[in-house]
Structures are given as structure tokens and as C-alpha cells.
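Q: I would like to see how this sequence folds:
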Amino acid sequence: MRPFLTLLATALLSLSALAAAEPRWVLGAPLIDADATLDGKPVKLVDPAIVRDPATGLWHVFASASGGTVWFAMKDLATRPAVREVNRLPVGACFVPQVFYHRAQQRWHMIGMVPDSTGRFPKMAPCLCTTATLGDPQSWSAPEILDVPPPPQDAAKPVKLWIDFWVICDEAKAHLFATSADGRLWRSETALDKYPHGWTAPVLALEGPFIYASHTYRMAAGQGTARYLTTITARGADPATPQQPRHYQQSYTAERLEGPWLPAPAAATPAQPYAGTANIRLTDPRWTGDISHGEPLRLGHDERMLLEPQPPGFIFHGAYRSSSSSNTDAKAKPTPCVGLLEVEK
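A: Predicted structure coming up:
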């Protein structure tokens, strides 16, 4: 019994140290113009993903838009807005992208979701698109639906929606996470030499007060046992305006991707979030305070999803009053917009 207690105490101390390092953020002008266009027409972007190409140093940003997924690249994250025109990818109705470089296949992989037309999945199905050339938006392959079994049937609490798919690999397996928009996180797995095929049936990985969009990383802290972090979107009472719930980012940690997952102390409630109104300083008051579907900036780019202990930024979508509105016009209708949280200096 004593070794178990020692191990537990060590784990809790390690998790507390990680939580203590959680940064406070500052939020200024949108990363992508709130009045951005696609094919010359206004477009609203959500569910952003970001990855850095080490060969060019460019940051590649992907996002969901009407009709599918869009893309643009930029060198300098400090330039705001980065672009006003985005490019449509030839991936059909593939939404909610995750992008990484798969070293064994030497191709860039995009994990996404497409509407299910077979009746097999709860509304959405996981899919994969690939390219050898990240900077060529027309080079992506058509979506291939992954052979992941649907989540198990539960008469007491059926899975009505299965969304926001995410892949991360350890030394032996690829793991696919998905949320069911009801406070449940699911995990499937396959052997590395079988990926992207051979997935097991999903098992329940975590239950909590969250709604969607888990993003899971291996902490690139160096020595010893790997520690994993997942950020996930939740909805709760805003400490500043308790009657007005806002989206915010929780975080959970685990020693193994198989779990168990524990809420990171001081990073899983509206009052103490990983990223939310309680730890963000606004320098542009046109943001409403919602922090949805976030992804930290990371220097790693491959399937291991390596993340620095204190990432320098966090891309997300939120609600923003149009750039044509007055800073003080509280009645202006907010619209979806992509922003970037930066670590408070």
C-alpha cells in the first residue's frame, strides 16, 4: 500500500507543479480579420487549427467555414490582422481540422469530420486527408472515412452527436479522441504500424462539465515519464458577469493516453480556467469573452503532438463585434472571429 501512496503523492505534486505554471493571457486584435473573405465573399471562421512548418518557418492556419475547410499561411503572428482573404481546400465537407506531419508516411495529415450518410455514426464521421506539400492548398486528398467503430449504444445516455476528432501517437499506438457534446470524451486506438486503420471500439476516457473540442498533447518537458495535457471547451458562469455563461478552456492531465485523466488544479473551472475571462486581459473590448475550440501554439509539428510546458500563444475562435463597429458599441451584434491569446509578459 505504501508504494501506491508514494506514487500517488508524487503524481499529485507533479500535477500541481504543472498547474502552477499555467500562464495568464492577453488578448488584442483578431488574428484573422472579422470581415475576412473567401472567394471574394464574406466568411465567418470557426474551429481554428495551427501548425508550424519547420522547413519554411511559416505558420499554417486551418479553420472551418461554410462548405468545408479553409487555409492560409503567415510568417509573423504579431501582424494583425494576418490576412483578409482565405483559401478553400479541395476536401469537400470536411470540417474541424487537426493537422500534423506523419513521419512514417512522410505526409501531412488532416483529421476532420464529415456528415455521415450511412447511418452508422451519430451524425458525423471521422475522416483523413493528406498532402506531401503543406504550402499547396490544392494538393490535399479527398476525405477518407476512418474505420473507427461508432461509440457504444447506451439506452440510458445515448450518444446523439460524435464530433471533434483528434489523433495523437505514443511509442506504440495511435489514439483517436472525440467528444459527444454531452460531457463525455471517448478514445479509440490502433497500432502504429496499422494507422490509419484498425481502430478499436471507443471507450469512455473522461466525463466532466465540458461540451466539445478536446486537443491532446504530450508535454515536451524532457526527462522521465511522459505527461499528457488535454484542453477542452466548457461553458460556465463568467466570474465577471455570473448571469451570462461563457465558453472557456479547461485542462486535464494524465500520465498515459489511456488515462486516468484528472482536472488540472486551478485550470478546470470558470474562476480558474486554462484560458477564460478570469485569466485574460483584454486590450480590445470588442471581444465578448467566449474562448472556444482552442489550440496552443507549439514548436513540434508531428504526430506526437509535442507541446512546451508554457506555450507562447493559444489560437481560438470567439465572438467579436465587427471591426466596423465602435469600440464602445455594446449593442453591435458579435460574430465568430479567430483570435490569438498571448502570454502576459
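Q: where in the protein is pLDDT low?
A: With pLDDT under 70 as the threshold, the chain has low-confidence stretches at 1-23, 221-226, 265-266, 323-331.
Q: where along the stretch 101-250 of the chain do the strands fall?
A: Taking DSSP state E, counting those that start in this stretch to define them, one finds strands in the stretch 101-250 of the chain at 107-115, 124-131, 144-145, 163-169, 173-179, 184-191, 203-207, 212-219, 228-237, 245-254.
Q: gap between the third one and the chain center?
A: Same thing as strand 144-145. In terms of C-alpha atoms, centre = their mean, to the nearest Å, the centre of strand 144-145 is found 20 Å from the chain centre.
Q: strands paired with it, and their directions?
A: Based on DSSP bridges, the strands next to strand 144-145 in the sheet, each with its direction, are strand 124-131 (antiparallel).
Q: with the first one instead?
A: Pairing partners of strand 107-115, with direction, according to DSSP bridges: strand 95-102 (antiparallel), strand 124-131 (antiparallel).
Q: buried residues, it. List them.
A: In terms of neighbour count (16 or more other C-beta atoms under 10 Å), strand 107-115 has its buried residues at 108-114. C-beta coordinates here come from the backbone N, C-alpha and C atoms, glycine included.
Q: report the distance from stretch 114-132 to the chain centre.
A: Going by C-alpha atoms, centre = their mean, the spacing between the C-alpha centre of stretch 114-132 and its chain's C-alpha centre is 18 Å.
Q: and for stretch 151-171?
A: 16 Å.
Q: buried set for that stretch?
A: In terms of neighbour count (16+ other C-beta under 10 Å), stretch 151-171 has its buried residues at 151, 159, 162-170.
Q: any chance of the strands paired with strand 107-115 in TSV, plus distance to residue 44 and mean neighbour count?
A: As requested, those are exported to TSV (distance: least, C-beta to C-beta, whole Å; neighbours: other C-beta atoms under 10 Å):
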stretch	distance to residue 44	mean neighbour count
strand 95-102	13	22
strand 124-131	20	21
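Q: closest to residue 303 out of these?
A: Comparing the strands paired with strand 107-115 against residue 303 with C-beta to C-beta, the closest turns out to be strand 95-102 (5.3 Å).
Q: so how far is the closest one off the chain centroid?
A: 10 Å.
Q: I figured residue 94 hits residue 128, correct?
A: No: under the contact definition of C-beta atoms under 8 Å, residue 94 does not touch residue 128, with a separation of 9.1 Å.
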